[in-house]
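Below are the sequence and a predicted model; questions follow.
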Amino acid sequence: MSEPNGGVVLEARGLVKRYGHVTALNGADFDLRPREILAVIGDNGAGKSTLIKALSGAIAPDEGEILLNGVPMHFRAPLDARRYGIETVYQDLALAPALDIAENLFLGRELRRRGILGVVFRMIDRRRMHRESRSHMADLKINVGSMGQTVETLSGGQRQGVAVARAAAFASRVVFMDEPTAALGVKESGMVLDLIRRVRERGTPVVLISHNMPQVFEIADRVHVMRLGQRVATISPQSHTMSEAVALMTGATSFSKTDS
Amino acid sequence: MIAGLRQLKFSPDPASVMSRASVLSTVGPLLALVLACLFFTTRTDRFMTTDNLSLVIQQVAVVGILAIGQTLIILTAGIDLSCGAVMAFATIAMTRLAVTYHFNPFVAIALGIGVGLAFGVVNGALVTALRLPPFIVTLGTLNIAFALTHITSNEETIAKLPDPLVYFGNTFQVGTTAITSGSVLALALTLLAWFVLSQTVGGRHIYATGNNPEAARLAGVRTRRVLIAVYASAGLLYGIAALVLIGRTGVGDPQAGQSANLDSITAVVVGGTSLFGGRGGVIGTLIGTLIVGVFRNGLQLMGIAAIYQFLITGALVILAVAVDQLSRRRQA
């Protein structure tokens, strides 16, 4: 699971984030290795989402540092992180249902027509957006009809497919996924897990936040356990059982950080 | 009748779901417009004449331009109650500056349009920076513009305007029919807005901001900038509408445009743009404007008292909003 020459793609040290009197992150560390699926688990309020938001630029941590391939980063907006190839699939999908698939895939980075039409008039290039969307969706074997279909006509699983395809299409370094299967049925969840594996196969590490232990143990290479705003352990599905992971999450056991 | 027609677009038939929603959402209003025209044609001989139709277009040009701005704002899930009052203030600003203070007419026009723009920027700034609801912000600016109109006009109608101010009231002949420049301008502005909304990056960002602002923001759309641009453009359009209004009436009238707020919202809503944002467009609004204009004109020709026109317009709005709401519930 860890690469021979190791290396850490994304690293965080001592992240702190306070909201008034609530300390969401209390000195949290984080490591993501190349080509792995890292699951982040933790009880409600353990700081999983805040951690991911800090790493993906959605919030700025009060203290601590974030390193991308060893270089310190200061993300102030998701756009900053995206510029470095870090993409996020949000829990509520963050799609615009009235826009079509291609428009959602390219939202915020629309392809423009070449020449004066694109530069001066900022005209979008629908044909190219449709063509590229089709190939991104096909890459991940996501089956939908036309790229001109509005997202609201898609099933929950297909919508998740669009959100994942968008992240995968633009992520060169990291894809974050916040509870990607929370709203889905069993079959559609399975489809999304396959998608996540395909993203890894293409060479992009994936960070997955999930409550679903069986899923985490099915798919993750390593599991990062959060408790009270800190990383209490990093375990692997091979070295630990689900109940041991739950015990760590809830604080029933606390043993030394075991970087597998 | 109209409700039934407008519901066509929400039929669960997969083929219709597959096709472009923007096309479908204009079909209902278009059918309503055709039916309204047919209805009035059978009721009065004077309706379906080129002269009368050109009159309808003249009558709706001002509201049509306001409604473009209103469409932009409603697409972002906002609303602008101030548009009529801002237009009225802009007419007084232009005419006062030109007549009383002897400004060069073109400078007066530019400053008057600037007044519209300034109100738009203020609305946009209050909505984005202070995160106040657009309804309340524009209710406030409505009253401010209304008061300024009456204060600066001294309740007087300003007449004897220099030619450039009434330019858009000029007509030209197409065959035997007279068309005003104002009507042409309204149409041109509609086409321009259509282009921006449907063909450009900015247009897509307006829809995305209205449809799911959080998703748009996370996708890197600068939603605040989009909103300010939308309110500012709307204000600019109200300034232009003021110029067209002056052309039509030939004077600066502090009483003008009092029903224009609701008329513009009516046109947008009847034209199929959703009050929840993100759906609809200016072609629908053009049709909506024409529907309202045709009803007004047709009822007038039938000799029905003006007050009934309000009754019917009111019913149309509620119908259109009800269809919008029902369709949303069905999709959810």
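It's in. In this text, all values refer to a predicted model and were calculated from it rather than measured experimentally.

and the residue nearest to A:Ile124 when sequence neighbours are not counted, what helix or strand is that in?
Spatial nearest neighbour of A:Ile124, chain neighbours left out: A:Glu110 (4.9 Å); criterion: CB to CB, 6 or more residues apart in numbering or on different chains. From N, CA and C alone the C-beta is placed, and that goes for glycine too. A:Glu110 is part of no helix or strand when elements are defined by DSSP states H and E.

For A:Glu110, which residues are in contact?
A:103, A:124, A:129, B:201, B:204 (CB atoms under 8 Å, 6 or more residues apart in numbering or on different chains).

please redo it, this time with the cut-off set to 10 Å
A:102-103, A:118, A:122-126, A:128-129, B:200-205, B:221 (CB atoms under 10 Å, 6 or more residues apart in numbering or on different chains).

What distance do you get for the residue in the stretch 51-200 of chain A positioned nearest to chain B to A:Arg200?
Of all residues in the stretch 51-200 of chain A, A:Gly108 sits closest to chain B, at 3.2 Å by CB to the nearest CB. Distance, A:Gly108 to A:Arg200, by CB to CB, to the nearest Å: 25 Å.

Tell me which of these two has more neighbours.
For A:Gly108 and A:Arg200, the more surrounded residue by other CB atoms under 10 Å in any protein chain shown is A:Gly108, and the numbers stand at 22 against 17.

doesn't the more buried one fall inside a helix?
No. Counting by DSSP: H, G, I helix; E, B strand; the rest coil, A:Gly108 is located in no helix; its state is coil.

Not counting its neighbours along the chain, what's nearest it?
B:Gly220 (3.2 Å).

wait, isn't that neighbour in contact with A:Ala58?
No. The pair B:Gly220 and A:Ala58 fails to qualify as a contact (CB atoms under 10 Å) at a distance of 11.8 Å.

what is in contact with these two at once?
In contact with both B:Gly220 and A:Ala58: A:77-78, using CB under 10 Å, 6+ apart.

Which helix or strand contains the most centrally placed residue in chain A?
In chain A, the centroid-proximal residue (CA atoms, centre = their mean) is A:Phe176; its distance is 1.0 Å. Per DSSP H and E, A:Phe176 falls inside strand A:174-178.

just wondering, since we're on A:Leu38, how far is it from chain B?
Counting by CB to the nearest CB, to the nearest Å, the gap from A:Leu38 to chain B is 21 Å.

And A:Val232, by the same measure?
From A:Val232 across to chain B, the span is 29 Å (CB to the nearest CB).

got a list of what the residue of the stretch 201-332 of chain B found nearest chain A touches?
Closest residue of the stretch 201-332 of chain B to chain A, CB to the nearest CB: B:Gly220 (3.2 Å). B:Gly220 makes contact with A:77-80, A:82-83, A:107-109, B:205, according to CB under 10 Å, 6+ apart.

Including distance to B:Val121 and pLDDT, could these go into TSV?
Below are the contacts of B:Gly220 laid out as TSV (distance: CB to CB, whole Å; pLDDT from 0 to 100):
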residue	distance to B:Val121	pLDDT
A:Ala77	24	82
A:Pro78	27	80
A:Leu79	25	82
A:Asp80	28	87
A:Arg82	30	89
A:Arg83	30	89
A:Leu107	26	93
A:Gly108	24	90
A:Arg109	28	90
B:His205	18	97
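
Am I right that B:Gly69 is in a helix?
Yes. Counting by three-state DSSP, B:Gly69 is located in a helix.

which SS state does A:Leu38 fall under?
strand.

In this structure it contacts A:Leu32, no?
Yes. With contact defined as CB under 10 Å, A:Leu38 counts as touching A:Leu32 (5.4 Å).

circling back to that earlier point, show me just the buried residues among the contacts of A:Glu110.
If you count burial by 16 or more other CB atoms under 10 Å in any protein chain shown, the buried members of those come out as A:102-103, A:118, A:122-126, A:128-129, B:200-205, B:221.

What is the burial count for B:Ile318?
10.

now swap in B:Ser274 and tell me
Neighbours around B:Ser274, by other CB under 10 Å: 24.

Run through the residues that contact it.
A:98, B:25, B:74-75, B:77, B:210-211, B:268, B:280, B:320-321, B:323-325, B:327-328.

So which of the residues you listed are in helices?
For these, membership in helices holds for B:25, B:74-75, B:210-211, B:268, B:320-321, B:323-325, B:327-328, with DSSP state H as the criterion.

So which of these reach chain A?
B:210-211 (CB under 10 Å from any CB of the partner chain).

Looking at the ones in helices among the contacts of B:Ser274, spot the one nearest A:Glu87.
Proximity of the ones in helices among the contacts of B:Ser274 to A:Glu87, judged by CB to CB, is greatest for B:Asn211, which lies at 20.8 Å.

where does the residue nearest to that closest one when sequence neighbours are not counted land in three-state SS?
Excluding the flanking residues, the one nearest B:Asn211 by CB to CB, 6+ apart is B:Gly278, at 2.8 Å. Here B:Gly278 is recorded as coil under three-state DSSP.

B:Gly278 against B:Gly78, yeah?
No. With contact defined as CB under 10 Å, B:Gly278 does not reach B:Gly78; the gap is 11.5 Å.

and residue 224, what element?
Since you didn't name a chain, this refers to chain A. strand A:222-227.

I was after chain B.
Going by DSSP H and E, B:Arg224 is in helix B:223-249.

quick one: that helix to chain centroid distance?
Mean C-alpha position of helix B:223-249 versus that of the full chain (CA atoms, centre = their mean, to the nearest Å) differs by 10 Å.

what is the rounded mean pLDDT of it?
For helix B:223-249, mean pLDDT rounds to 97.

and the one residue in the stretch 51-200 of chain B that gets nearest to chain A, what are its bridge partners?
Nearest residue of the stretch 51-200 of chain B to chain A, counting by CB to the nearest CB: B:Thr200, 4.6 Å away. Under DSSP bridges, the beta-bridge partners of B:Thr200 are A:Met123.

can you map out the helices along the stretch 151-260 of chain A?
A:156-170, A:186-201, A:213-219, A:242-250 (DSSP state H, counting those that start in this stretch).

all strands of the chain, in order?
Went with chain A since none was named. A:10-19, A:22-32, A:37-42, A:63-68, A:71-73, A:86-89, A:174-178, A:206-209, A:222-227, A:230-235 (DSSP state E).

Switch to chain B, please.
B:171-174, B:177-180.
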